[in-house]
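In: predicted model, plus sequence, below.
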Amino acid sequence: MTAEDIWTRAVQVWETDARELSRLPDSLDRDSFTRCVEVIRACKGRIITMGCGTSGVAARKIAHSLSCVERPALFLSPADAPHGALGALQPGDIAILVSKGGGTVELVNLLPALKARKAFLIAVTENEGSPLAESCDLLLKVKVEREADTWDMLATTSTLAVVAVFDAVCIALIDLTGYTREEFLVIHPHGAVGDRLKAGGGQG
């Protein structure tokens, strides 16, 4: 494989990602997305995100981004949850369960306990007929036509799509709640972002 071949393959990956992200306005259910934003905005408790493997990585990113816009969120390991950590989830909280196929055993096995905690359950999956989708209060169906790898198997583009959907949720929450630069600066005073916020004088 030559250097040119390597570069060509990389471009193909980016083109696949860009094409699938551009399909989100048509493939994602508008009403479900809007309700997701409204439910998170109205939540007076915490938001727990869960997922395994690459979906777990996406769930961690979602929790961090929500916290950055003052929606208190944390990632809960599906392995730790049934060993007492599920006590972090209280009635009125939201649990966001991320699973590409919707059948992740570690999450499915937790459904009875999650329901007993009286949390609002959001399933993020491509399979609307899956155990997670059928058991949750709200389904966000995020599906891509293909992954970026040769075998169409590695969770690449699909993971990017899930993260992009919740990036949009967070930006919508900024606008809906009137979240300000001054407020963001309080929780993000360091690093390049903190420097930019200080330099901007907290405008906007």
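Out: Arrived safely, thanks for sending.
In: wait, doesn't residue 148 sit right on residue 156?
Out: Yes. Between residue 148 and residue 156 there is a contact at 4.3 Å, judged by Cβ atoms under 8 Å. C-beta here means a position set from N, CA and C on the backbone, and glycine is covered the same way.
In: what touches both of these two?
Out: In terms of Cβ atoms under 8 Å, 6 or more residues apart in numbering, residue 148 and residue 156 are both contacted by the residues 13, 17.
In: so the two - more neighbours on which side?
Out: Set side by side, residue 148 and residue 156 show more neighbours around residue 148, with 22 against 19, by other Cβ atoms under 10 Å.
In: quick one: low-confidence residue ranges for this protein.
Out: When the per-residue scores of the chain are filtered using pLDDT under 70, the ranges that remain are 201-204.
In: ok, now with 80
Out: 187, 193-194, 197-198, 200-204 (pLDDT under 80).
In: host element of the most centrally placed residue in it?
Out: Within the chain, one residue has its C-alpha closest to the average C-alpha position: by Cα atoms, centre = their mean, that is residue 62, at 4.0 Å. Taking DSSP states H and E as the definition, one finds residue 62 inside helix 53-68.
In: skip the chain neighbours and tell me the closest residue to residue 135.
Out: On the basis of Cβ to Cβ, 6 or more residues apart in numbering, the spatially nearest residue to residue 135 that is not a chain neighbour turns out to be residue 111, at 5.0 Å.
In: who's in contact with residue 95?
Out: Remark: with contacts taken as Cβ under 8 Å, 6+ apart, residue 95 is in contact with 47, 48, 49, 50, 89, 114, 117, 119, 120, 121, 122.
In: residue 47 touches residue 76, doesn't it?
Out: No. Taking Cβ under 8 Å as the definition, residue 47 is not a contact partner of residue 76, at 10.3 Å.
In: tell me which of those two has more neighbours.
Out: Here residue 47 and residue 76 are compared on neighbour count by other Cβ under 10 Å; more neighbours surround residue 47, at 23 against 20.
In: give me phi/psi at residue 74?
Out: The phi and psi values for residue 74, taken as degrees, to the nearest 10, are phi -150, psi 150.
In: beta partners of it?
Out: Beta-bridge partners for residue 74, by DSSP bridges, are residue 48.
In: wait, it sits on residue 59?
Out: No. The pair residue 74 and residue 59 fails to qualify as a contact (Cβ under 8 Å) at a distance of 10.2 Å.
In: hang on, the earlier thing: skipping its backbone neighbours, what lies nearest the residue nearest to the centre of the chain in space?
Out: When the adjacent residues along the chain are set aside, residue 62 lies closest to residue 166, with 4.5 Å between them (Cβ to Cβ, 6+ apart).
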